[in-house]
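Enquirer: Show me the folded form of this:
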Amino acid sequence: MSRSEALTTLKGVGPEMAKKLEAMGLERIEDVLEHVPFRYENYNSGTVTTAIHGDLVKWSGTVQAEPLVRYYSKGKNRLQFRLLLEERYVVHVTMFNRAFYKDKLTLGATVTVKGKWDMNRMTISATDLEFGELSDGLQPIYSLRSGLTQKNFSRIVKLAFEQTTSFEDRLPESIRQRYRLWDRETMLTGMHFPDSVETYKQARRSYVYEECLLYQLKLQAFRKMERSGKGRALMLDKQQLNEFVKQLAFPLTGAQTRVIREIVLDLEKPERMNRLLQGDVGSGKTVVAAIALYATVSAGYQGALMVPTEILAEQHLASLQALFEPYGIRVGLLTSSVKGKARNELLQAIKVGDVDIIVGTHALIQGPVEFSRLHLAITDEQHRFGVEQRKMLRDKAELADVLYMTATPIPRTLAISAFGEMDVSTIDEMPAGRKPIETYWAKTDQIDRVHAMVDRELTLGRQAYVIAPLIEESDTLEVESATALYEVLRERFPNYAVGLMHGKLSSTEKDDVMKAFASNTLQILVSTTVVEVGVNVPNASLIIIHDAERFGLAQLHQLRGRVGRGADQSYCILVGDPKSDVGKLRLKTMTETNDGFVLAEKDLELRGAGDFFGTAQSGLPSFRVADPVLDLKVMEVAMQDAVRLLGSEAFWSEATYAPLRQYLKRLDLLVGVRLE
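Expert: Next up, the predicted model:
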């Protein structure tokens, strides 16, 4: 039977079961074979005499007496029976809501029970029961939807293996031999039915490399396609560019100079730029973007800067206008708030080239926005835009170079997998003279001292952020809401204006609140993490983060970056009583360093790759088995192999590589990579 056959061709998989499997994205036999266990349980628990009190055990024995069933409230029941183990030990087994087993548990029947061992009472609190002898080895545990049991799905997996006559190997024999990898059938068998830990490790090793290679082939093919796409080389006046840099109000750091050189080289190449610029909060990414925009406009083309919020767009507009006005460079602002006649006039000016640089929100990629000669498109805080939005910006200018910027430092361990198709530039140096933000950890019973610090800063004419994680009360998470904090602070600081901002406000309402805070109409801003995006309020010198242990380090660092933007010494107070060691370590680490790259690596270590960005649009790949952090070395090898394969004649001509070529063809990534 073919792997591409529908699951309903398997014995015992009827329409109802097929519907449940389809809800998990499993429609063909091949889908089931690829749905490997997410963990394993090892029930080789030894003997009754070697098991420790509280162990999770799985033992086989024979039923010694007729089972008893007791019913109690609302149809619930308790099943009890005696089991003879090792032909000498009688133990008592208890199961809840399993009365349907009563008639099958006949005297002398052989059964296997799984549960918790109580050594003192010689009892097992069982959670599962199987008829027959214990199967040794690792027991696979699958990720399943409701309505499916581990037992049912394991049966379907076995049927899928029994009825599959051929397993097509994606990897050629030469690669498998080089790295001592298993063929596809052996690998999948080892993942689903490992007879030992060593078998599982080798199967996983083979699976991880295959996943990493396929992913890197996709990334490198996309990268090659992007670069082979029609581009435009700019003729830049280096002397003019150097003069512009010299007149800046402050000297560039070595890291900024290095990054600008990388971007300028891209602008001068005929291939399209696809570059990620990452730098810590306050490292000077905006200045780098401004220099890139100046170079573009000086060469006779337009530039666009897309940001996530209107207030951020307005701040960029003001700073760029002040910087470019002496050079006659025209900067426009396009957001959803620009309406009617003003909008039509701006769209016309963009279309005919009367605007050189356009700053805007997602409005830049919506509707009838036509550019005259757009060459450089910059996206700020790129992880906050969906992949489709970024693609739409690129599509607005077919020949455009694209620069993505982020203030969330990407750990090296993730950059290779999350942004492997991009070139990455890193600003890893802070401007001289910046005062490091002083960070302290306060327990909740020290809140009076925290409020005294707010008093001190407000008395000096400064402002404060107060951050709460959620906007509604939650008994489960025990997190104070922003609304409750707002009321407390209004009462505590009656002589100051307190504002409230959270995710349920409209974009206009959020902008109004932020404008009031930026103009010092509000002295205290209570907010959820919607304030995380880089708004610039130089007069804000204090940020207090409640229940700080519930945030990741990367997010705490972003929030801390809302202060420290002016000449005054700034402070960050982390309020929390973490119960776990991880929570305590997180807050302690924040007080010890201001380095976003150090914190990003630590955050990844504490939270794992899946939680680092915290959004499905982060661009972080989803793997069945591979882990971008644990399997970094494999990912690096796979990247090198993918580049080598795509550049070799054999890959495009020899039959042994046909499955890999077919994989790229399904992704529409052969066009522009290699014309066949």
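Enquirer: any idea which helix is longest in this structure?
Expert: helix 197-228 (DSSP state H).
Enquirer: Give me the pLDDT for the closest residue in space to Val530 that isn't next to it in sequence.
Expert: Nearest residue to Val530 in three dimensions, chain neighbours excluded: Gly503, at 5.4 Å (Cβ to Cβ, 6 or more residues apart in numbering). C-beta coordinates here come from the backbone N, C-alpha and C atoms, glycine included. Listed pLDDT for Gly503 reads 72.
Enquirer: quick one: terminal-to-terminal distance for stretch 504-523?
Expert: One end of stretch 504-523 to the other measures 22 Å (Cα to Cα, to the nearest Å).
Enquirer: What residues sit buried inside that stretch?
Expert: Neighbour counts over stretch 504-523 (16 or more other Cβ atoms under 10 Å) mark 505, 510-511, 513-514, 517-518, 522-523 as buried.
Enquirer: where's the dip in pLDDT among those?
Expert: Lowest pLDDT among the buried residues of stretch 504-523: Leu505, 78.
Enquirer: how close does the residue nearest to that residue when sequence neighbours are not counted sit to Val535?
Expert: Spatial nearest neighbour of Leu505, excluding adjacent residues (Cβ to Cβ, 6+ apart): Val513 at 7.2 Å. From Val513 across to Val535, the span is 11 Å (Cβ to Cβ, to the nearest Å).
Enquirer: For the stretch 301-450 of the chain, just list every one of the strands.
Expert: For the stretch 301-450 of the chain, the strands defined by DSSP state E, counting those that start in this stretch cover 302-306, 331-334, 357-360, 374-379, 401-406, 423-427, 438-442.
Enquirer: Present these as JSON lines; the columns should include mean neighbour count, mean pLDDT and distance to Phe153.
Expert: Output for the strands of the stretch 301-450 of the chain, formatted as JSON lines (neighbours: other Cβ atoms under 10 Å; pLDDT from 0 to 100; distance: least, Cβ to Cβ, whole Å):
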{"stretch": "strand 302-306", "mean neighbour count": "27", "mean pLDDT": "93", "distance to Phe153": "45"}
{"stretch": "strand 331-334", "mean neighbour count": "22", "mean pLDDT": "95", "distance to Phe153": "52"}
{"stretch": "strand 357-360", "mean neighbour count": "26", "mean pLDDT": "94", "distance to Phe153": "49"}
{"stretch": "strand 374-379", "mean neighbour count": "26", "mean pLDDT": "91", "distance to Phe153": "42"}
{"stretch": "strand 401-406", "mean neighbour count": "24", "mean pLDDT": "88", "distance to Phe153": "40"}
{"stretch": "strand 423-427", "mean neighbour count": "20", "mean pLDDT": "89", "distance to Phe153": "41"}
{"stretch": "strand 438-442", "mean neighbour count": "18", "mean pLDDT": "97", "distance to Phe153": "46"}
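Enquirer: So for Asp55, which of those sits nearest?
Expert: strand 438-442 (38.7 Å; Cβ to Cβ).
Enquirer: Show me what the closest one is packed against.
Expert: strand 571-575, helix 581-592 (3 or more Cβ pairs under 8 Å, 6 or more residues apart in numbering; DSSP states H and E).
Enquirer: Redo the ones you listed as CSV? Include mean pLDDT.
Expert: As requested, the helices and strands packed on strand 438-442 are exported to CSV (pLDDT from 0 to 100):
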stretch, mean pLDDT
strand 571-575, 97
helix 581-592, 91
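Enquirer: Return, as residue ranges, the portions of the stretch 551-676 of the chain with sub-threshold pLDDT.
Expert: Across the stretch 551-676 of the chain, the ranges flagged by pLDDT under 70 are 607-621, 668-676.
Enquirer: All the helices of it, residue numbers only.
Expert: 553-560, 581-592, 596-607, 609-612, 632-646, 649-653, 658-666 (DSSP state H, counting those that start in this stretch).
Enquirer: Over to the stretch 251-400 of the chain?
Expert: So, for the stretch 251-400 of the chain - with DSSP H, counting those that start in this stretch - the helices run 254-267, 285-298, 310-324, 340-352, 387-396.
Enquirer: Turn the ones you listed into CSV, columns for mean neighbour count, mean pLDDT and distance to Val331.
Expert: Output for the helices of the stretch 251-400 of the chain, formatted as CSV (neighbours: other Cβ under 10 Å; pLDDT from 0 to 100; distance: least, Cβ to Cβ, whole Å):
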stretch, mean neighbour count, mean pLDDT, distance to Val331
helix 254-267, 18, 96, 19
helix 285-298, 23, 96, 9
helix 310-324, 19, 90, 5
helix 340-352, 14, 93, 11
helix 387-396, 16, 60, 18
